[in-house]
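> fold the following, please.
(one chain, ligands or ions: 1)
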Amino acid sequence: MIDLTNNADDIEGPAVSIAQALVERSNRKCFLDAVFPVLLDFLGANALVMVTQKNGAWTRNHSHGDLSRIPEDLPEILIGNAIDRGSILCVDQTCVLPFPCPTSIHNGSNQSKHDGSATGNTNLGESSDRVSALVLKFDSTPTDLANRSSGTHRIAAMISSALRHIDDRQYQHRRVEQLSAVLAAAADWQRIEDDEALLRAIADTATSMLSCERASIFLWDRRRSKLIGRPALGVEGESLEVDDKAGVVGEVLATGEYKIWNADSDDGSRVNRKVDARIEFQTRSLVAVPMSGARKETIGVFEAINAIDHSFDVSDVAVLADLATHAAVAIESLRTRRKLKQNRDRLVDDAASQTELIGEHSSIELVRKNARKIAGTDLSVLVLGKNGTGKEVLARMIHYQSERRNGPFIAVNCAALVETLLESELFGHEKGAFTDANQSRSGKFELASGGTLFLDEVGDMSPGGQAKLLRVLEDKVVVRVGGSQSIPVDVRVIAATNQPLEELISQRKFREDLFFRLNVVSLTLPPLSGRGDDVLLLAQHFLKQFCYQIGRQVPELDQATIAILKNHAWPGNIRQLRNTIERVCYLCTEDVVKPDDLMLTSGSSGSSENVSLADLVDSTTLTDATKEFQVEHIHAAIESCGGNMTDAAARLGLHRSNLYRKMRQLGMQTSGE
Ligand SMILES: Nc1ncnc2c1ncn2[C@@H]1O[C@H](COP(=O)(O)OP(=O)(O)OP(=O)(O)O)[C@@H](O)[C@H]1O
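Below is the predicted model:
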């Protein structure tokens, strides 16, 4: 019997129970299991079932109480009338309470799959209300429900709104999981370097996340008005090309809107069956979304085919749209990476081709052979040889033949750095580390990371510099001047010197432990004068090089000139030969180079005799004249010492580091040309 004394508007008890269930229960079923008894109790009914209209038919969703009392056949007319009138209606012991069940559209996938076709933009923020009702069974005809309808409707509204909260909460939770999965997949895609592998990985992620049989990315070839489908499963060795206006995919491209298509309910002619025929496949359902590039331009369409055990709906659109966004980024970033890689490879190839160790003398053949062997390892190398014999060329050659060829090659002339500068130059400094340190700067070790650091003239390094260098080579970390953080560096060191290091060690001018560190393998370049016909090979090489640079015909060397080149002492080695040939290319305008054109004196000097003070009288000021004289004088001294900076400095009455400083002041180049 119904308790007619129940105060119809006293809904505080049920309201508290509903609120509590909302907090404690995480899904619809658990929530309704908790609140339906409360509702039954409040109304005095003994059974209830929630019914929802789907595709024009009523289906049972959730029930409670003595279900044997609810008839198999739902009272559809009563349900319809109650919903039309928006109030409780009873016939005998059966009542129907209209139950506005505002279901978030996001929940569609959870509760019931959408199985009609759909279309729209991929911004899925809107929601739609479904029609539902509660069918209640009483022991006897309830007589007071009309008085109690206000409270009843308020409770129904509370349950309805709580359900919406639960749906939204679940939807958000599911979206977070989906987005995390998409992000994890997208991070993996960034590591893929091959087109086909990337597209396949994207398609595999889509088939697994959308639970479907296949997925394809159709990239748009605007110029040819074609969509190129990849991965084109079933199309061996070729890509699947379709007209960019054909089928559902064409519709998505044209409208920029997603499409859902199902064979059961949609127009079959919309699907491009030619594709099915070609790949011997039967499309039963599909969902397709547009793909946009970085500038928001459409770059293609992402399609998932044949949902397994469900029908595609808007929740699949949301996942596919997320995947499409990240897929477009991954595809574009792979293209960009490939372009950058091609550019880098071209630059590296250019640089490598210009780093040719010319020479056929057996001594050079041996150096080349050993250098090739060493290049494959990461061992430290010490290159020995007089000035201008090609130590830096050899170091570069090792670099370009090694695994580090795509990394930087950084050369440092240790002799040109005074001790105070050396540390900051090699290891970097932090802002404020010393007076002029206005900002932080990476040192050469950091800059060479992943590549090769060439330490030229290492024998001229100060004792303090040697100690610091040794520490970095041993620890493989640098600490910037004024800094405290250890920065790991992955650098191969190739050192070079023209000094007899063993002698310097015995004189305690070079650390023995550093010598062993650097001298894991050593290569020695012979002086040019002992290399026989290599002098001609090199001369021809430089002739071609400079004539090409200035756009003139390559002149011939006459027999007397060849004889002089072969017999000259070349104290400055290949650098001196190069300078000589450069001068010839600029100054000798004839087709044949005669001995006089070489301007070589019988000894070691090169061009210094061409500089005369008379050439300087045009200078307007004494300062300019002095500067020009100093430049020429230093050039002449270096040239006459065959490029040996230590000897040149001694001849000029300067310490070697002071000579470098002076040269920098005068704007002269301080390292190899
Ligand atoms: N085998 C070679 N083939 C082509 N060019 C060479 C060769 N060796 C040296 N050169 C050229 O000679 C010049 C001097 O070479 P490099 O700077 O490598 O000599 P170095 O021994 O390192 O000199 P330094 O001891 O003064 O630092 C450069 O212009 C270089 O291009």
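
> can you give me the helices for the stretch 1-150 of the chain?
Assigned by DSSP state H, counting those that start in this stretch, the helices in the stretch 1-150 of the chain fall at 12-24, 28-43, 76-85, 108-111, 145-189.

> L286: what secondary structure?
Classification of L286 by DSSP: H, G, I helix; E, B strand; the rest coil places it in strand.

> shaky segments in the stretch 151-300 of the chain?
For the stretch 151-300 of the chain, the stretches with pLDDT under 70 are 232-239, 266, 268, 275-276, 278-279.

> residue of it nearest the ligand, please.
Relative to the ligand, the nearest point of the stretch 151-300 of the chain is E193 (34.8 Å; Cβ to the nearest ligand atom). (C-beta placed from N, C-alpha, C; glycine too.)

> count the residues that sit near whatever residue of the chain ends up closest to the ligand.
In the chain, the residue that lies nearest the ligand is G390 (2.5 Å; Cβ to the nearest ligand atom). G390 is flanked by 24 other residues according to other Cβ atoms under 10 Å.

> now find how far off-centre stretch 168-177 is within its chain.
On the basis of Cα atoms, centre = their mean, to the nearest Å, stretch 168-177 sits 30 Å off its chain's mean C-alpha point.

> list of residues touching the strand or helix carrying L426?
Using DSSP states H and E, L426 maps to helix 419-427. Residues outside helix 419-427 that contact it (Cβ atoms under 8 Å, 6 or more residues apart in numbering): 412, 414, 417, 433-434, 437, 441, 443-446, 461-462, 464-465, 468-469, 472, 478-481.

> measure S640 to Y258 for me?
Note on S640: its distance to Y258, by Cβ to Cβ, to the nearest Å, is 80 Å.

> so which of these two has more stuff around it?
Legend: neighbour count by other Cβ under 10 Å for S640 and Y258, higher for Y258 (29 against 22).

> and that one, how far from V249?
Distance from Y258 to V249, counting by Cβ to Cβ: 11 Å.

> cool, and R552?
The spacing between R552 and V249, counted by Cβ to Cβ, is 61 Å.

> between these two, who's got more neighbours?
The neighbour comparison of R552 against V249 (other Cβ under 10 Å) goes to V249, with 27 against 12.

> my guess is the more buried one meets G300, correct?
No: using Cβ atoms under 8 Å, V249 makes no contact with G300, being 9.0 Å away.

> overlap in contacts, those two.
Shared contacts of V249 and G300, defined by Cβ under 8 Å, 6+ apart, comprise F218, L227.

> returning to what we had before: residues in contact with the residue of the stretch 151-300 of the chain closest to the ligand?
By Cβ under 8 Å, 6+ apart, the contact list for E193 reads L334, R337.

> can you confirm it is in a strand?
No: checked against three-state DSSP, E193 lies outside a strand; its state is coil.

> and it, how far is that from L323?
20 Å.

> now swap in L525 and tell me
Between L525 and L323 the distance, using Cβ to Cβ, works out to 58 Å.

> which one's more surrounded, the two?
Between L525 and L323, L323 has the larger neighbour count (other Cβ under 10 Å), namely 28 against 25.

> great, nothing more from me.
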